[in-house]
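> Next comes the sequence, and after it the predicted model I'd like to discuss.
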Amino acid sequence: NAGVTQTPKFQVLKTGQSMTLQCAQDMNHEYMSWYRQDPGMGLRLIHYSVGAGITDQGEVPNGYNVSRSTTEDFPLRLLSAAPSQTSVYFCASSYARGSYGYTFGSGTRLTVV
Amino acid sequence: GESVGLHLPTLSVQEGDNSIINCAYSNSASDYFIWYKQESGKGPQFIIDIRSNMDKRQGQRVTVLLNKTVKHLSLQIAATQPGDSAVYFCAEKANDYKLSFGAGTTVTVRA
């Protein structure tokens, strides 16, 4: 049981480049989300999904796109990377309703130069 | 907006002592709270949770206390060990899906 798998673990991008951060879970969780973590700011929600085909914006969605074509996968796309997107990105999943915590991936450390 | 926050950004504890990490929340509609531990280079890991219809819950060496009157949450770690050194986050859930996180408290255990 792998839990939540994120790839890549590290990435350096040049300003203006695009890329996709991958996230997959094998727990049949309905809910998946992406957070970014910056020093002193905790975890901020970028986008989330409550099931295949359904996505919505979180606190800081600008510059990011998501899609959810399957229950297992929830990729995060950076369309045109900016230095302000330098951060550590975490994917998390959980069962949808009720009192359940999130299972987090190990993170992707992204640097935009 | 409403958010969850922690009282102190850092906490230094002597090995073997008990640790208390505090968290204040402002959303009275929150009905589920979680404590996470994050070690360097890793994702947050679930420690313990509590629902709003409870005021105390115990796990292995950890206890979470919830005071809804003053919107306060705390995590107590008994007999703190070097492996407890990490950043601790409280999180609240005010609807079925989204968790809001505080900025975190860095706990350092002194030998």
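Right, received. Where do you want to start? Numbers count the residues shown, from 1 in each chain, chains lettered A, B, ... in the order given.

> Please list the residues of chain A that sit near chain B.
A:4, A:31, A:33, A:35, A:40-45, A:48, A:50, A:58, A:90, A:92, A:96-99, A:101-107 (Cβ under 8 Å from any Cβ of the partner chain). All C-beta spots, glycine's among them, are computed from the backbone N, C-alpha and C.

> buried sites along stretch A:106-113?
When neighbours are counted by 16 or more other Cβ atoms under 10 Å in any protein chain shown, the buried residues of stretch A:106-113 are found to be A:107-108, A:110, A:112.

> Just put these in TSV and tack on secondary structure and pLDDT.
Formatted as TSV, those follow (DSSP: H, G, I helix; E, B strand; the rest coil; pLDDT from 0 to 100):
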residue	secondary structure	pLDDT
A:107	coil	96
A:108	strand	97
A:110	strand	97
A:112	strand	97
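
> Nearest to residue B:41 among those residues?
residue A:107 (7.8 Å; Cβ to Cβ).

> The closest one against residue A:4, yeah?
No: counting by Cβ atoms under 8 Å, residue A:107 stays clear of residue A:4, with 10.1 Å between them.

> Now do the shared contacts for the two.
residue B:43 (Cβ atoms under 8 Å, 6 or more residues apart in numbering or on different chains).

> picking that back up, now flag whichever of the buried residues of stretch A:106-113 is closest to residue B:55.
Once Cβ to Cβ is applied, the member of those that ends up nearest residue B:55 is residue A:107, at 33.5 Å.

> if I look at the nearest residue to residue B:39 once chain neighbours are set aside, how far off is chain A?
The shortest distance from residue B:39 to any non-neighbouring residue, by Cβ to Cβ, 6 or more residues apart in numbering or on different chains, is to residue B:86 (4.8 Å). Distance of residue B:86 to chain A, given as Cβ to the nearest Cβ, to the nearest Å: 14 Å.

> ok, now which ones touch residue B:86?
By Cβ under 8 Å, 6+ apart, the neighbours of residue B:86 are B:37-40, B:106-107.

> With residue A:67 instead?
Per Cβ under 8 Å, 6+ apart, neighbours of residue A:67: A:55, A:75, A:77.

> where does chain A have low pLDDT?
A:1, A:97-99 (pLDDT under 70).

> give me the residue from it nearest chain B.
Nearest residue of chain A to chain B (Cβ to the nearest Cβ) works out as residue A:104 at 3.5 Å.

> residues near residue B:100, how many?
23 (other Cβ atoms under 10 Å in any protein chain shown).

> element containing it?
Assigned by DSSP states H and E, residue B:100 belongs to strand B:99-101.

> is chain A contacted by that strand?
Yes: using Cβ under 8 Å from any Cβ, strand B:99-101 reaches chain A at B:99-101.

> again, but for stretch B:40-52
Yes: under the criterion of Cβ under 8 Å from any Cβ, chain A is reached by stretch B:40-52 at B:41-46, B:49, B:51.

> now, among these, which is nearest to residue B:59?
For the residues of stretch B:40-52 next to chain A, the nearest to residue B:59 is residue B:49 (9.4 Å; Cβ to Cβ).

> Quick check: bridge partners of residue A:21?
residue A:76 (DSSP bridges).

> May I have the residues that are in contact with it?
Taking Cβ under 8 Å, 6+ apart, one finds A:6-8, A:11, A:34, A:75-78, A:89, A:91, A:108, A:110 in contact with residue A:21.

> Which residues does the strand holding residue B:100 contact?
A:35, A:42-45, A:101-102, B:2-4, B:27, B:34, B:36, B:89-94.
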